[in-house]
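Chemist: Below: sequence and its predicted model.
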Amino acid sequence: QVQLVESGGGLVQAGGSLRLSCVASGRTFTMYVLGWFRQAPGKEREFVAAISRRGGDTNYADSVKGRFTISRDNAKNTVYLQMNSLKPDDTAVYYCAARAPYLPISPNEHAYTYWGQGTQVTVSS
């Protein structure tokens, strides 16, 4: 079992940047592929980015490629989402998620077992 706690959300103007963090506690951090998902009001939750257990492989939604960067610091049990050139369409609750141990990277939200509580990101125009 792993517990995930996100932070770093807030209100930012269009074109600005935010960095989200997600700290994991519980079992060995390197056992888990980690992902970021988001859910805007009235919309389904969607994939944003994912990173492999050692950080060597990443995957991004087309809508964020070139603007967002996912990374992880295994020594700190933390995964990050650096968000640049933010747009009002990026407004959503952002969730950190982990797959069950030793499974490969995936953009499918149903492939993730553990979820954080979410952090709100609001981008004003």
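Modeler: That came in fine, so what should we check first?
Chemist: all contacts plus neighbour counts: C-alpha atoms, from now on.
Modeler: OK.
Chemist: which ones are touching the spatially most central residue of the chain?
Modeler: In the chain, the centroid-proximal residue (CA atoms, centre = their mean) is Trp36; its distance is 2.2 Å. Trp36 sits next to Phe47, Val48, Ala49, Ala50, Leu81, Tyr94, Tyr95, Cys96, Ala97 when contact means CA atoms under 8 Å, 6 or more residues apart in numbering.
Chemist: mean confidence score for the helix or strand hosting Val121?
Modeler: Element membership for Val121, per DSSP states H and E: strand 119-124. The pLDDT scores in strand 119-124 average 98.
Chemist: Could you list which of the contacts of Trp36 belong to strands?
Modeler: In strands, judged by DSSP state E, the following of the contacts of Trp36 are found: Phe47, Val48, Ala49, Ala50, Leu81, Tyr94, Tyr95, Cys96, Ala97.
Chemist: what comes into contact with stretch 13-32?
Modeler: Against stretch 13-32 from outside (CA under 8 Å, 6+ apart): 1-10, 12, 52-54, 74, 76-88, 96, 98-103, 123-125.
Chemist: Of all the residues in it, which ones are buried?
Modeler: 14, 17-24, 29-32 (16 or more other CA atoms under 10 Å).
Chemist: wait, Ser124 sits on Asp89?
Modeler: No: assessed by CA atoms under 8 Å, Ser124 is found out of contact with Asp89, at 9.4 Å.
Chemist: ok, those two, which is more surrounded?
Modeler: The neighbour comparison of Ser124 against Asp89 (other CA atoms under 10 Å) goes to Ser124, with 16 against 13.
Chemist: That one and Val48: what is the separation?
Modeler: To Val48, Ser124 is 20 Å away according to CA to CA, to the nearest Å.
Chemist: Now Thr113. Nearest residue, chain neighbours left out?
Modeler: Arg99 (5.2 Å; CA to CA, 6 or more residues apart in numbering).
Chemist: backbone phi and psi for that neighbour, please?
Modeler: Dihedral pair for Arg99: phi -80, psi 160, per degrees, to the nearest 10.
Chemist: residues touching it, list them.
Modeler: Tyr32, Val33, Leu34, Ala111, Tyr112, Thr113, Tyr114.
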